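Asker: Please work out how this folds:
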Amino acid sequence: MAKEDKDSNQDDGKQKKSRLPGCLLIVIIVAVVGFIAKIAINKVEVQKKTKAYIEEANAHIEARRFNRAEETLELANELNPNRREILNMQTDLKEARVINFYEKELTRTLQSKDWDKVRDAVTNLKIRDPQHPQIESALQEIKDGMHKEKLGLLVSQLSAAQKQGNLQEVVKNANSLLAHDPENPTAARWEDIKTKATEEIQASEKKAAQFYEQAKLVDKGVYSSELYTLASKAKSLSEKPVYKAFYEKVSKYPRIIRYPNEYSNLQDAIDAARPIDTVQVAEGSYHAPIRVDKEIKIVGAEGKTVVLHASGKTSPVVYVTSAGKLNVQHIMFKHVDPSEEETAYSTIVVEGEANFTSCAIYQSSGHGAHVINGGKLVVDSCRLENNRWDGVAASGASSLATLQRSVVTLNKHHGIDAWEGGKVEMFDSFSESNLRSGVVATKGGSVKIIGSTIRLNQHTGLYLTDGANALVKRSEFSKNGLAGGYGDRSGDVTLEETKVLGNSEAGIVLTKGTIDWKGLETIQFSGNAGKEIWKDAEFRISEILKEILPEEKEEEPKSETQEEDTDNGEPVETTSAETPDSKTDETPKPAIIIEE
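Answerer: Down below sits the predicted model:
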């Protein structure tokens, strides 16, 4: 009996041992299933929350709450990183900001009634959103506005011609008004004015003869206002060839040529001028690309706004050939409809000689002023601003640009640039707040900086590379984004009585293998971050500049009071034109020939 009990106990033990692994397996399976289920539930929750963020961001975008949309997308991305839908919405947000910016720009320009700017704004908006509902109405408003403005101009010209007693102009403007708006309620009055003027012209023939006889008595072979006035009156009062021939003879005497009073095209006025003549441009804005291939002086009305402009897609505003010698005063030059092509035109191109005094050169598709092929340019008391490449550039052996008492600022590349033997001289001038460097010389270029200030540029104050030379005296390099000066395999560099103040990364940086700049020990350093003089630096400038300015786009410099971003729809990045890759030392070369 005892043996049977013992055997029974042994059997029970074996059964318990055999059941134990089975129970443990079940527990493990249940735990794994529970864990997997939890992961699945969490994943579903993540996807659900991500979708909610995306929907919320989309609602913010539609309501133009761009900052809140950006914050919501960042939350979604943290929850579900690199999800394509989130990345796409971030791209959509950026595009919506840009479109909103162009919408505001279109509204602003419509209010100003500057139809050239309105057309530019429509073009920008159409590129981003071809089907935008504002485009059609804006185009119609441009058409109506220009029609109204032209009508007003013609009426004004007719009235002026009547007051001046210029009967030929009265007839001309009356005909223009009738052709422009024949259904106008006052068209009958214009017809009556034309008829009366025609009758008066016939009566003027007698007066013309009197003026002609008086002019012949005054004519001594030199220009005088009395002679010119009498000859002009005789010609204006009669179409007889004798009066015209006499006027043309008198007009060749040394004189002041008044544009647009005497010539409808500025190039015609220049072509008609002799070296001792002066072309005087009246107050106003004129589409006037000009080519200068002789000695000529052009002046704007002092104290008045005189603007000469051309399309950045077709030509410089001024091209001075190797035979040209130009002297300009009191005129502003710019590109309208600027090009973003790498072969874009510069506003001023000088292959001969040119002197600009008290002028402004801005909004160029390329460089503000570019001296080429041994040309000589003097810029005195001028401002070169907001040009897409450099403010002033000189390239080619013996090319020389000289700045005196001038300001070069807010240019998208460098303020001043010299390469391939080109030279730039600065005297008592400023190069400041440019989106790259203040003064640059590369590939054998050279610069002379005397009594000048290079400051607040996003990259370096003075950047020299590839054997470029420099002489700096009594000047200041301050508050630049990288360094006051940067030498990378530069040539002969001398500094005297120079200040290097408050630059962000270092005072002077010389890369490994660069010859020491002369006069470093005489420099006055103050407030520069990092080293005052950083020798044997081992890096490429492009690698440093990436941290200051991304390659993809360049931001416009902000004033101290400008906000980083607002919820009013202004895009963070306001520069629409792409610029050449900052890794390369190549400087774009603008086209220079004006098509006939």
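Asker: before we move on, what SS does Arg291 have?
Answerer: strand (DSSP: H, G, I helix; E, B strand; the rest coil).
Asker: tally of neighbours for it?
Answerer: Arg291 is flanked by 18 other residues according to other Cβ atoms under 10 Å. Just so you know, the C-beta spots here come from the backbone N, C-alpha and C atoms, and that holds for glycine as well.
Asker: Which parts of the stretch 451-596 of the chain are helices?
Answerer: 541-548 (DSSP state H, counting those that start in this stretch).
Asker: Can you pull the poorly scored residue ranges out of it?
Answerer: Scanning the stretch 451-596 of the chain for pLDDT under 70 picks out 539-596.
Asker: Across the sheet, point out what pairs with Glu432.
Answerer: Beta-bridge pairing of Glu432, defined through DSSP bridges, involves Thr409, Arg455.
Asker: And for the one 10 residues further on?
Answerer: For Thr442, the beta-bridge assignment (DSSP bridges) gives partners Trp419.
Asker: quick one: it and Lys535, what's the gap?
Answerer: 21 Å (Cβ to Cβ, to the nearest Å).
Asker: Who has more neighbours out of those two?
Answerer: Applying other Cβ under 10 Å to Thr442 and Lys535 shows that Thr442 carries more neighbours, namely 23 against 15.
Asker: That one contacts Gly422, doesn't it?
Answerer: No. The criterion here is Cβ atoms under 8 Å, and Thr442 misses it with Gly422 at 9.7 Å.
Asker: what residues are shared contacts of those two?
Answerer: Common contact partners of Thr442 and Gly422 (Cβ atoms under 8 Å, 6 or more residues apart in numbering): none.
Asker: and Leu308, what does it touch?
Answerer: So Leu308 contacts Leu266, Val281, Tyr286, Ala288, Ile290, Val317, Val318, Ile331, Met332, Phe333 (Cβ under 8 Å, 6+ apart).
Asker: quick one, phi psi at the third one?
Answerer: In other words, Tyr286. Main-chain torsions, Tyr286, degrees, to the nearest 10: phi -130, psi 130.
Asker: Any idea how many residues pack against it?
Answerer: Counted with other Cβ under 10 Å, Tyr286 comes out at 17.
Asker: Check which helix or strand Trp190 maps to.
Answerer: Element membership of Trp190, judged by DSSP states H and E, is helix 187-218.
Asker: average pLDDT for the helix or strand that that helix is followed by?
Answerer: Per DSSP H and E, the first helix or strand lying C-terminal to helix 187-218 is helix 225-237. Across helix 225-237, the average pLDDT comes to 86.
Asker: Compute the distance between the nearest residue to Leu464 once chain neighbours are set aside and Ser504, please.
Answerer: Leaving aside its chain neighbours, Leu464 sits nearest to Ser490 (3.7 Å; criterion: Cβ to Cβ, 6 or more residues apart in numbering). Computed as Cβ to Cβ, the Ser490 to Ser504 distance reads 21 Å.
Asker: the more surrounded of the two?
Answerer: Ser490 (24 against 16).
Asker: Surely that one touches Asp516?
Answerer: No. If you go by Cβ under 8 Å, Ser490 and Asp516 don't touch, sitting 10.0 Å apart.
Asker: Name the residues contacting each of these two.
Answerer: Leu510.
Asker: Ile86 contacts Ala76, doesn't it?
Answerer: Yes. Using Cβ under 8 Å, Ile86 is in contact with Ala76, at 5.1 Å.
Asker: Overlap of the contact sets of those two?
Answerer: By Cβ under 8 Å, 6+ apart, the residues touching both Ile86 and Ala76 are Thr50, Ile54.
Asker: List the residues that contact the nearest residue to Ser238 once chain neighbours are set aside.
Answerer: Of all residues not flanking Ser238 in the chain, Ala208 sits nearest, at 3.7 Å (Cβ to Cβ, 6+ apart). Ala208 is in contact with Lys233, Ala234, Lys235, Leu237, Ser238, Lys240, Tyr243, counting by Cβ under 8 Å, 6+ apart.
Asker: Going by distance to Ile127, which of those residues wins?
Answerer: Closest approach to Ile127 among the contacts of Ala208 (Cβ to Cβ): Lys235, at 49.8 Å.
Asker: what about the closest one, distance to Gln90?
Answerer: With Cβ to Cβ as the criterion, Lys235 and Gln90 are 69 Å apart.
Asker: same check, this time on Val317
Answerer: 41 Å.
Asker: More neighbours: those two, which one.
Answerer: The neighbour comparison of Val317 against Gln90 (other Cβ under 10 Å) goes to Val317, with 28 against 17.
Asker: buried stuff in the helix holding Trp190?
Answerer: Trp190, Ile193, Lys194, Ala197, Ile201, Ser204, Ala208, Ala209, Phe211, Tyr212, Gln214, Ala215 (16 or more other Cβ atoms under 10 Å).
Asker: repeat for stretch 531-540
Answerer: For stretch 531-540, using 16+ other Cβ under 10 Å, the buried residues are Glu532, Ile533, Trp534, Ala537.
Asker: Helix, strand or coil: sort out Thr91 for me.
Answerer: helix.
Asker: Please shift the residue numbers so they start at 113 in all later answers.
Answerer: Renumbered: residue one is now 113, and that last one reads Thr203.
Asker: gap between it and Ala357?
Answerer: Relative to Ala357, and taking Cβ to Cβ, Thr203 is found at 69 Å.
Asker: quick one, the helix holding Trp302 and helix 337-349 angle?
Answerer: 140 degrees (axes from the mean of the first three to the mean of the last three Cα atoms, to 10 degrees).
Asker: looking only at pLDDT, what's the mean for helix 299-330?
Answerer: On average, helix 299-330 scores 85.
Asker: Equivalent analysis for stretch 524-538, please.
Answerer: 97.
Asker: hey, C-alpha coordinates of that stretch in CSV?
Answerer: Provided in CSV are the C-alpha atoms of stretch 524-538 (Å, rounded to 0.1, in the frame of the first residue of the first chain):
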residue,chain,number,x,y,z
LYS,A,524,22.7,91.8,-52.8
HIS,A,525,26.3,90.7,-53.3
HIS,A,526,29.3,92.9,-52.3
GLY,A,527,29.5,96.6,-52.0
ILE,A,528,32.7,96.9,-54.0
ASP,A,529,34.4,94.2,-56.1
ALA,A,530,37.6,94.0,-58.2
TRP,A,531,38.9,91.0,-60.1
GLU,A,532,41.2,90.0,-63.0
GLY,A,533,43.3,93.1,-62.8
GLY,A,534,40.5,95.6,-62.0
LYS,A,535,41.1,98.2,-59.4
VAL,A,536,38.8,100.2,-57.1
GLU,A,537,39.7,103.2,-55.1
MET,A,538,37.7,104.6,-52.2
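Asker: chain center to that stretch: distance?
Answerer: 18 Å (Cα atoms, centre = their mean, to the nearest Å).
Asker: got it, and stretch 441-460?
Answerer: With Cα atoms, centre = their mean, you get 8 Å for stretch 441-460.
Asker: cool, stretch 250-259 as well?
Answerer: 26 Å.
Asker: tell me the mean pLDDT for it?
Answerer: On average, stretch 250-259 scores 75.
Asker: Tell me which residues of that stretch come out buried.
Answerer: Ala250, Glu253, Ile254.
Asker: And the second one, how far from Asp226?
Answerer: When Cβ to Cβ is applied, the distance between Glu253 and Asp226 equals 12 Å.
Asker: from what I can see Arg370 touches Glu395, true?
Answerer: No. With contact defined as Cβ under 8 Å, Arg370 and Glu395 do not form a contacting pair (11.6 Å).
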